[in-house]
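heads up, no residue letters with this:
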């Protein structure tokens, strides 16, 4: 019975979605309690888009949920993307946590993001070796491919990070993006 359930991708996907939601739903209130009790509140300043103090460190629950998700979906991870993803996410999480507790410099964040991207590029499925004629380019040398991917992914990460300061906007954009990916894939 358990074998039949775990072999059905639709059932596992639904259970993973439900489990992820429940995990975040249970962890967020505890994180908020810790943040308020330790006075780790993000107080608005000149650069802030919000006007009231906001709890930080919600990324902890999302990081934990993603690691659990990768663990439960590892049997479908035929190209071992999950382990590279967890390594890169751990670096991003560490820098984000440091930035929440004490400000991290933009240079340190950029270097950490580039290292996290390089972990992703260790997976063969993330390498772009051909642009199939886009801009007249077909086959790319490996060094050019790596530089191209690092620049492209750094741009996406930092563009998303810029909209993260506006309450709710990053969540809505993320839901739209992942909904489109779910529809396509």
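Noted; the coordinates are in hand. All figures in this text were calculated on a predicted structure; none of them were measured in a lab. Numbering: from 1, shown residues only.

Buried residues of stretch 140-159, list them for me.
Going by neighbour count (16 or more other Cβ atoms under 10 Å), the buried part of stretch 140-159 is 140, 145-146, 149-150, 153, 157. In short, each C-beta sits where N, CA and C put it, glycine included.

what do you get for stretch 15-28?
If you call a residue buried by 16+ other Cβ under 10 Å, then stretch 15-28 has these buried ones: 16, 20, 23, 27-28.

Now tell me what touches that stretch from outside.
Counting contacts by Cβ atoms under 8 Å, 6 or more residues apart in numbering, the residues outside stretch 15-28 that touch it are 58, 60-62, 64-65, 68-69, 72-73.

If we use 7 Å, what do you get?
Contacts to stretch 15-28, defined as Cβ atoms under 7 Å, 6 or more residues apart in numbering, come from residues 58, 61-62, 64-65, 68-69, 72-73.

Now render the buried residues of stretch 140-159 as a markdown table, adding distance to residue 117.
Compiled in a markdown table, the buried residues of stretch 140-159 are given as follows (distance: Cβ to Cβ, whole Å):
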| residue | distance to residue 117 |
| --- | --- |
| 140 | 17 |
| 145 | 12 |
| 146 | 9 |
| 149 | 7 |
| 150 | 5 |
| 153 | 5 |
| 157 | 8 |
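
Select the longest helix from this protein.
With DSSP state H setting the assignment, residue counts place helix 9-37 as the longest helix in the chain.

Now do that helix, average pLDDT.
Per-residue pLDDT values across helix 9-37 average out to 84.
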